[in-house]
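Colleague: Can you look at this prediction? I've put the sequence above it.
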Amino acid sequence: MNLHIRLEAAKNALNTLIRQPVATFMTVFALAIVLALPVGLFATLNNLQQLLGHWQDQAQISLFLHQEAPATEIQHLQTLLERGTGVVSVRYVGKAAALTEFEHTAGMTAAIQTLGENPLPASFVVELNPLAQSPSALQTLVAYWGRQPGVASAQSDLGWVARLQAILALGQRAVWILAGLLAVGVILVMGNTIRLHIAQRRDEIDVASLVGATRAFIRRPFLYQGLFQGAVAGVLAWMIVAVTVSVLQGPVERLAELYGTHFHLLGLSSGQGLVLIAASALLGWLGSRLAVGRHLDHTFS
Amino acid sequence: MIEFINVTKHYPGRHHVLREVNLRLRKGEMALLTGPSGAGKSTLLKLLLRLEDVSHGTLMVNGIDVSTLRRRHIPAYRRRIGVVFQDHKLLMDRDVFSNVALTLQVGGLSGRQVQSRVRAALEKVGLGNRAQDFPAILSGGEQQRVGIARAIVHTPEILLADEPTGNLDQSLSTEILDLFRDFHHHGTTVLVATHDQSQVNRLGLPVFHLEKGHLHTPGEGNA
């Protein structure tokens, strides 16, 4: 296929869009808003995961040891724990340290002194990244640790991790469903827009067909129109998300400071932005392809 | 060569538009197709352009069996033919140059070739200085000349015209038909459908007369 034919078709498509600036802008902006919605939700989920990453040390498991556990078993257990998936830190709390900590936090020094002997067991405190594996895998791991020689009991609060991961999974699935529906919306909007363009240029199509134009020749400018409008809508959608993130940045940072932490909202990365533009250009092309295909079936039948 | 062999055209649920038509026009010949409105002249030209399918019979054009031509080969076949319409079928939002250039663009010619050939075609029809004008400001005769330039710009083997002088006065009709005769003298096969009896008489060309779908034996117009 000659390059100049493609270039001519691309020029033709651009001219058509430029000749109708208001209609083109309205179509592209409508598409951009439709695209910005799932992309914005995607960015929100990204930020939520980032935020939860800050709380990874809150998944804490305590393994209480037998009073008479030998040092070799304790050493072996520590090595095992440190090799566990998603383990951030392993801290050994000896009997004396446990007593001191208990006295410090519970304020029951006098009562404990009456016992004469230190009743508290030594323990390991393991901090885990709650997002490193599934809740069931975490439960299995903790149960495995609990069965190790020297371990009297394991105590964990992983319920919130399961709830958190379930919410995130639900959110991700909802975003995908929404994205799928809105992608269909983009295809329909683009298909309808191209259908109107085809109606406007019906005479041209008929004359071109009479003088021997192929389907590809007639179809090409419309496909480029869809492609161009989709790509520009993708750029606009990226900008909408970037502006929204920028506007929310200040309030979010102030809110994070109130909770004694720092948090910086993330927009789309360059790679994600380029994927967005490519995907929306593809959707625009697809919408055009469907509309033009239907029309040409009629013209060439 | 154009050859209709027992060609019949009918539409489902309607009468026969063409019945057992036999017509032969040798390469480089020019002929007129006459007959009253509704006689089937336009249908016969549509069959030649493969805008309609032959119901029965065989239609051969320069060795191609048009009646069985596959759909994907139709565009290439049409690029070997030039066609002129009574209503010109010009694109009103494009200037004269672009209207004529369309025929070459669908053929995939480069911009430089398009430029030179469109200029030459417009010169041939006497519109060399109107390339940038839009059809709306041209007279009926000038619009028809643009239509003719579009039909001949790719030097087709066959030139078809469907009532090309239908909306023109006598002197313009004469000019237009003389243009067709010029192309015929340069070796193009030309078939012109017309019901203008004075032009038929003036031109003295072979005449195929259609009447209610039947084609009558070719005769000579009065010179």
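Modeller: In hand now; what should we look at? In this text the structure is predicted, and so the values were computed from the model without any measurement.

Colleague: So which residue is smack in the middle of chain B?
Modeller: residue B:160 (1.7 Å; CA atoms, centre = their mean).

Colleague: Can I take it that that residue is in a strand?
Modeller: Yes - under DSSP: H, G, I helix; E, B strand; the rest coil, residue B:160 sits within a strand.

Colleague: what's the distance between it and residue B:206?
Modeller: From residue B:160 across to residue B:206, the span is 15 Å (CB to CB, to the nearest Å). To be clear about C-beta, it is placed using only N, CA and C from the backbone, and glycine gets the same treatment.

Colleague: Next, the contact list for residue 190, please.
Modeller: I'll assume chain A. Applying CB atoms under 8 Å, 6 or more residues apart in numbering or on different chains to residue A:190 gives the contacts A:27, A:31, A:226, A:229, A:230, A:283, A:284, A:286, A:287, A:288, A:291.

Colleague: try chain B instead
Modeller: Contacts of residue B:190 by CB under 8 Å, 6+ apart are B:29, B:30, B:31, B:158, B:159, B:160, B:161, B:180, B:181, B:183, B:184.

Colleague: Could you do residue A:178 as well?
Modeller: A:37, A:38, A:41.

Colleague: That one: helix or strand, and which one exactly?
Modeller: In the assignment (DSSP states H and E), residue A:178 maps to helix A:159-200.

Colleague: Next: residue B:151.
Modeller: helix B:140-152.

Colleague: Quick check: the residue in chain A that chain B sits nearest to vs residue A:16, distance?
Modeller: Nearest to chain B, among the residues of chain A, is residue A:212, at 3.5 Å (CB to the nearest CB). Applying CB to CB, the value for residue A:212 to residue A:16 is 22 Å.

Colleague: Need the residues that contact the longest helix seen in chain B.
Modeller: Longest helix of chain B, by residue count under DSSP state H: helix B:170-185. With contacts defined as CB under 8 Å, 6+ apart, helix B:170-185 is touched by B:28-30, B:124-125, B:140-141, B:144-145, B:148, B:152, B:159, B:161, B:164-165, B:168, B:190, B:192, B:194, B:196, B:198-199, B:202-203.

Colleague: Drop anything exposed from those residues.
Modeller: For those, a burial check counting by 16 or more other CB atoms under 10 Å in any protein chain shown picks out B:29-30, B:124-125, B:141, B:144-145, B:148, B:152, B:159, B:161, B:164-165, B:168, B:190, B:192, B:194, B:196, B:199, B:202-203.

Colleague: mean confidence score for stretch B:193-205?
Modeller: When pLDDT is averaged over stretch B:193-205, the result is 86.

Colleague: longest single helix anywhere in chain A?
Modeller: Chain A, longest helix under DSSP H: helix A:215-258.

Colleague: Up against chain A, what does chain B have?
Modeller: Counting by CB under 8 Å from any CB of the partner chain, chain B comes close to chain A at B:49, B:51, B:71, B:74-79, B:81, B:83, B:89, B:91, B:102-103, B:105-108, B:110-111, B:150.

Colleague: Give me the subset of the residues you listed that lies in strands.
Modeller: B:81, B:83 (DSSP state E).

Colleague: which of the residues of chain B next to chain A count as buried?
Modeller: Buried among the residues of chain B next to chain A by 16+ other CB under 10 Å: B:49, B:74-75, B:77-79, B:81, B:83, B:89, B:91, B:102-103, B:105-107, B:150.

Colleague: Of the contacts of residue A:190, which pair is most distant in space?
Modeller: With CB to CB as the measure, no two of the contacts of residue A:190 lie farther apart than A:27 and A:286, at 15.3 Å.

Colleague: more neighbours, these two?
Modeller: Neighbour comparison, residue A:27 and residue A:286: the larger count goes to residue A:27, with 23 against 19 (by other CB atoms under 10 Å in any protein chain shown).

Colleague: contacting residues for the residue lying closest to residue B:167 once chain neighbours are set aside?
Modeller: The shortest distance from residue B:167 to any residue other than its chain neighbours is 5.5 Å, reached at residue B:140 (CB to CB, 6 or more residues apart in numbering or on different chains). Going by CB under 8 Å, 6+ apart, residue B:140 touches B:167, B:168, B:172.

Colleague: pLDDT for those - can I get that in JSON lines?
Modeller: Conversion of these to JSON lines gives the following (pLDDT from 0 to 100):
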{"residue": "B:167", "pLDDT": "73"}
{"residue": "B:168", "pLDDT": "76"}
{"residue": "B:172", "pLDDT": "82"}
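
Colleague: just the residues you listed now: which is nearest chain A?
Modeller: Using CB to the nearest CB, residue B:167 comes nearest to chain A of the contacts of residue B:140, at 17.8 Å.

Colleague: number of nearby residues for the closest one?
Modeller: Residue B:167, neighbours per other CB under 10 Å, totals 15.

Colleague: Now the phi/psi pair for it, please.
Modeller: Torsion angles at residue B:167 (phi, psi; degrees, to the nearest 10) stand at phi -110, psi 20.

Colleague: what residue ranges in the stretch 51-200 of chain A are flagged as low confidence?
Modeller: Along the stretch 51-200 of chain A, the parts satisfying pLDDT under 70 run over A:52-58, A:106-110, A:112, A:116, A:130, A:161.
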